[in-house]
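A.B. asks: based on what follows, work out the 3D shape:
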Amino acid sequence: MSDFPDALKNHMDNEGRLIEWPSKKSLQAVLLVYLAGKFETGRLYKEREVNELLKQWHTFGDHALLRRELFEAGYINREKDGSAYWATPLTKMIE
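C.D. replies: Numbers count the residues shown, from 1 in each chain. Now for the predicted structure:
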């Protein structure tokens with residue numbers, strides 16, 4: 001069993017992977033904090049690496065949605081050309 005938040009129990013499988021994108025904004029916020037915790041601060045990721053990491057934590061096949069939501073919420077940042085991504089300091093402040 002994984003360490004996913006209880007609020008997400010109905011949206012996760014037993015391995016802690018998201019099986020659907022929650023419709024409630026409050027659950028989306030909890031989910032984004034959970035996913036942001038999967039990134040190491042101080043490490044640069046290529047887009048391919050971000051996609052691979054996110055693929056490990058969901059089952060519905062839309063890692064681009066998750067990447068975009070993490071970016072728009074400020075949990076990950078990127079170079080303008082998309083060549084590098086990284087976890088923001090905000091990620092560690094919330095954990």
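
A.B. asks: any stretches of this structure with poor pLDDT?
C.D. replies: For the chain, applying pLDDT under 70 flags the ranges 1-4, 90-95.

A.B. asks: what ranges do the strands span in it?
C.D. replies: Here the chain has its strands, by DSSP state E, at 76-78, 85-87.

A.B. asks: for the last one, name the packing helices and strands.
C.D. replies: Contacts of strand 85-87 with other secondary structure elements, assessed using 3 or more C-beta pairs under 8 Å, 6 or more residues apart in numbering; DSSP states H and E, are made with helix 47-55, strand 76-78. Every residue, glycine included, has its C-beta placed from N, CA and C.

A.B. asks: likewise for the first one?
C.D. replies: Contacting strand 76-78 under the criterion 3+ C-beta pairs under 8 Å, 6+ apart are the following elements: helix 63-72, strand 85-87.

A.B. asks: other SSEs contacting the longest one?
C.D. replies: Under the contact criterion of 3+ C-beta pairs under 8 Å, 6+ apart, the helices and strands touching helix 63-72 comprise helix 25-36, helix 47-55, strand 76-78.

A.B. asks: could those be laid out in TSV, adding distance to residue 13?
C.D. replies: Formatted as TSV, those follow (distance: least, C-beta to C-beta, whole Å):
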stretch	distance to residue 13
helix 25-36	14
helix 47-55	14
strand 76-78	23
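
A.B. asks: could I get those as JSON lines with distance to residue 61 and mean neighbour count?
C.D. replies: Converted to JSON lines, the helices and strands packed on helix 63-72 look like this (distance: least, C-beta to C-beta, whole Å; neighbours: other C-beta atoms under 10 Å):
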{"stretch": "helix 25-36", "distance to residue 61": "15", "mean neighbour count": "17"}
{"stretch": "helix 47-55", "distance to residue 61": "8", "mean neighbour count": "15"}
{"stretch": "strand 76-78", "distance to residue 61": "20", "mean neighbour count": "18"}
